[in-house]
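[1] build the 3D model from these lines:
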Amino acid sequence: MSGKFKVAGLLALGAVAGALTTMQLQAYARSSLSPLPLEELQQLAAVFGMVKSDYVEPVDEKKLISDAISGMVSGLDPHSVYFDKKTFKEFREGTTGRFVGVGIEIGMEDGLVKVVSPIEGSPAFRAGLKSGDLITKIDDTMVKGLTMDQAVKKMRGEPATKVMLTVFRKDENRSFPVTIVREEIRVQSVRAKVIEPGYAWLRVSQFQDRTIDDFARKLEDIYKQEPNLKGLVLDLRNDPGGLLEGAVALSAAFLPADVPVVSTNGQLADSKSVYKASSEYYVRRGADPLKRLPAALKTVPLVVLVNEGSASASEIVAGALQDHKRATIMGAQTFGKGSVQTVRQLSPDTALKITTARYYTPSGRSIQAKGIVPDLWLDETAEGNVFAALRMREADLEKHLVNGKEGKDAEKDPVREKAREEAKKKLEDQMAKSKEPPKPLPEFGSNEDFPLTQALNQLKGKPVVVSKSQTERKAELAADKQ
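    Residues are numbered from 1 along each chain as shown. Below is the predicted model of the structure:
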């Protein structure tokens with residue numbers, strides 16, 4: 001594979017193309033609508049009729065209408081989407097953290113699917129798959145040449161169906177087939193461990209339905225091991241967001257009761273809200289899982305790790321903890337998605353995800369197309385940044401909302417576009433000379449995780465190796481709360 005295509009693969013893995021914050025799933029209902037533009041609707045009907053009668057071959061009417069809706073919504077901003085039956089199912093799987101598959105967290109290495117970790121209790125876990133295993137074949141399809149999304153789709157399927165994986169285990173230098181029966185998997189969006197006596201690491205990879213329950217359970221385990229915890233690292237790197245209630249709850253775990261966490265503002269009355277650090281703003285059903293946590297969590301020294309892939313709900317958490325001076329934010333400037341999407345169900349199988357508001361940190365900052373600026377800048381590795389300049393951000397997306405009062409869209413930032421192209425070419429040239437892809441970044445939470453080491457140094461009062469190259473990206477317009 002050429003250096004160019006290898007870099008493209010690396011970009012695909014790190015991009016946050018559609019991070020979302022979903023306020024709630026609700027049926028669409030509006031009592032008052034402005035007058036419809038009849039002339040334009042007549043044109044739409046005329047085009048529909050022409051395509052139906054004049055196109056070179058018969059077309060499906062329902063698909064035409066679905067495509068028209070999709071086009072109308074996609075022209076608004078990067079995060080408003082029309083969900084057809086298939087994509088709505090995938091969306092619900094993403095927010096609930098449940099899907100049917102084999103149960104592995106994956107990455108890509110040398111064009112193959114790499115098992116980052118089998119999910120505990122899953123079919124893959126029971127079949128003996130290990131971290132570092134490479135999947136070379138899925139049933140009769142070679143993995144080489146597939147994108148990660150294509151590989152994922154081939155491994156997913158219906159419950160109780162079989163899939164055969166051909167696995168290469170590097171440390172044993174052998175390949176072997178494994179037949180796995182698919183079943184429903186619940187994704188673990190929270191990982192945690194005590195790194196050394198007195199200090200723990202807790203990572204949230206996405207805000208899903210059960211994230212806060214898992215978060216509370218992991219913290220209980222940490223405090224059982226370390227009742228006198230001296231410091232905690234909350235890792236939100238590459239967390240693309242998710243449910244707004246989860247972000248409010250996670251912030252509330254560390255903040256005093258009833259302080260503001262985030263506010264939202266849009267056209268609708270119910271989009272003008274202030275969310276506070278109180279259970280009424282995040283508990284949908286059952287008891288408040290945060291009540292089980294020790295009071296010491298409110299004062300334990302806290303560092304939050306973020307990077308360019310931290311978006312939406314994870315930016316709400318970082319912004320709230322930064323504004324209330326509850327944590328030191330370390331890493332890189334975040335993605336910059338400061339808008340809220342609401343999902344409105346249109347039928348049992350279809351829905352509209354539409355941007356309904358901007359959100360603001362407790363001090364009134366809009367981070368749309370800007371992001372959270374860390375208190376301490378860190379590079380990805382001790383040697384510097386490898387992939388940071390390549391990652392897409394909100395400001396790089398077509399039709400993104402600007403940071404200010406005007407709700408108009410904006411074009412890509414040409415300066416950022418040029419810098420990313422230059423970084424991409426530099427990496428391709430290096431790969432062409434060395435004939436090898438760049439070394440992948442260490443796994444988050446591992447002993448080689450440079451930003452985590454610096455976060456621990458901060459908690460212990462030791463010197464921190466800050467970045468000498470990273471600088472703040474300004475928003476296109478000054479933030480101005482409506």
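[2] list phi and psi for the residue nearest the centre of the chain.
    Among the residues of the chain, the one closest to the centroid is residue 240, at 1.5 Å (Cα atoms, centre = their mean). When quoted as degrees, to the nearest 10, the phi and psi of residue 240 stand at phi -80, psi 0.
[3] just checking, it touches residue 315?
    No: counting by Cβ atoms under 8 Å, residue 240 does not reach residue 315; the two are 10.2 Å apart. C-beta: built from backbone N, CA, C; applies to glycine.
[4] where does this protein dip in pLDDT?
    1-34, 389, 404-416, 419-420, 423, 427-428, 430-432, 435-438, 474-482 (pLDDT under 70).
[5] spell out the residue ranges of the helices in it.
    Secondary structure of the chain, counting by DSSP state H: helices at 3-14, 38-54, 61-74, 85-96, 123-126, 148-155, 211-225, 244-254, 313-323, 414-434, 450-460.
[6] chain center to the second one, what's the gap?
    The chain centroid and the centroid of helix 38-54 are separated by 39 Å under Cα atoms, centre = their mean, to the nearest Å.
[7] got the angle for that helix vs helix 61-74?
    140 degrees (axes from the mean of the first three to the mean of the last three Cα atoms, to 10 degrees).
[8] then helix 38-54 to PDB, C-alphas only?
    The C-alpha coordinates for helix 38-54 follow below in PDB (Å, rounded to 0.1, in the frame of the first residue of the first chain):
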ATOM      1  CA  LEU A  38     -46.000  27.200  -2.600                       C
ATOM      2  CA  GLU A  39     -44.000  28.200  -5.700                       C
ATOM      3  CA  GLU A  40     -41.000  26.200  -4.600                       C
ATOM      4  CA  LEU A  41     -43.100  23.300  -3.500                       C
ATOM      5  CA  GLN A  42     -44.700  23.200  -7.000                       C
ATOM      6  CA  GLN A  43     -41.200  23.100  -8.500                       C
ATOM      7  CA  LEU A  44     -40.300  20.200  -6.200                       C
ATOM      8  CA  ALA A  45     -43.400  18.300  -7.300                       C
ATOM      9  CA  ALA A  46     -42.600  19.100 -11.000                       C
ATOM     10  CA  VAL A  47     -39.100  17.800 -10.600                       C
ATOM     11  CA  PHE A  48     -40.400  14.700  -8.900                       C
ATOM     12  CA  GLY A  49     -42.800  14.100 -11.800                       C
ATOM     13  CA  MET A  50     -40.100  14.600 -14.500                       C
ATOM     14  CA  VAL A  51     -37.700  12.200 -12.800                       C
ATOM     15  CA  LYS A  52     -40.500   9.700 -12.500                       C
ATOM     16  CA  SER A  53     -41.600   9.900 -16.100                       C
ATOM     17  CA  ASP A  54     -38.500  11.000 -18.000                       C
END
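[9] that one - contacts with which helices or strands?
    The contact analysis (3 or more Cβ pairs under 8 Å, 6 or more residues apart in numbering; DSSP states H and E) places helix 38-54 against helix 61-74.
[10] relative to helix 85-96, how tilted is the helix it packs on?
    Following the same axes, to 10 degrees, one obtains 50 degrees for the angle between helix 61-74 and helix 85-96.
[11] tell me the buried residues in helix 61-74?
    The neighbour-count check on helix 61-74 (16 or more other Cβ atoms under 10 Å) flags residue 73 as buried.
[12] hmm, back to that, could the helices of the chain be laid out in TSV, adding distance to residue 140?
    Putting the helices of the chain into TSV (distance: least, Cβ to Cβ, whole Å) gives the following:
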stretch	distance to residue 140
helix 3-14	23
helix 38-54	38
helix 61-74	30
helix 85-96	24
helix 123-126	19
helix 148-155	10
helix 211-225	37
helix 244-254	40
helix 313-323	39
helix 414-434	31
helix 450-460	41
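[13] of all these, which lies closest to residue 391?
    Taking Cβ to Cβ, helix 3-14 is the member of these nearest to residue 391, at 5.1 Å.
[14] highest mean neighbour count out of the helices of the chain?
    Highest mean neighbour count of these: helix 313-323, a mean of 28 (counted as mean count of other Cβ atoms under 10 Å).
[15] show me how far it is from its chain's centre.
    On the basis of Cα atoms, centre = their mean, helix 313-323 sits 15 Å off its chain's mean C-alpha point.
[16] now swap in stretch 55-70 and tell me
    Its chain's C-alpha centre and that of stretch 55-70 lie 32 Å apart, by Cα atoms, centre = their mean.
[17] same check on stretch 182-191?
    Stretch 182-191 sits 16 Å away from the centroid of its parent chain (Cα atoms, centre = their mean).
[18] now swap in stretch 101-111 and tell me
    Relative to the centre of its chain, stretch 101-111 is centred 17 Å away, using Cα atoms, centre = their mean.
[19] so which bits of it are buried?
    So for stretch 101-111, counting by 16+ other Cβ under 10 Å, buried means 101, 102, 103, 104, 105, 106, 108, 109, 111.
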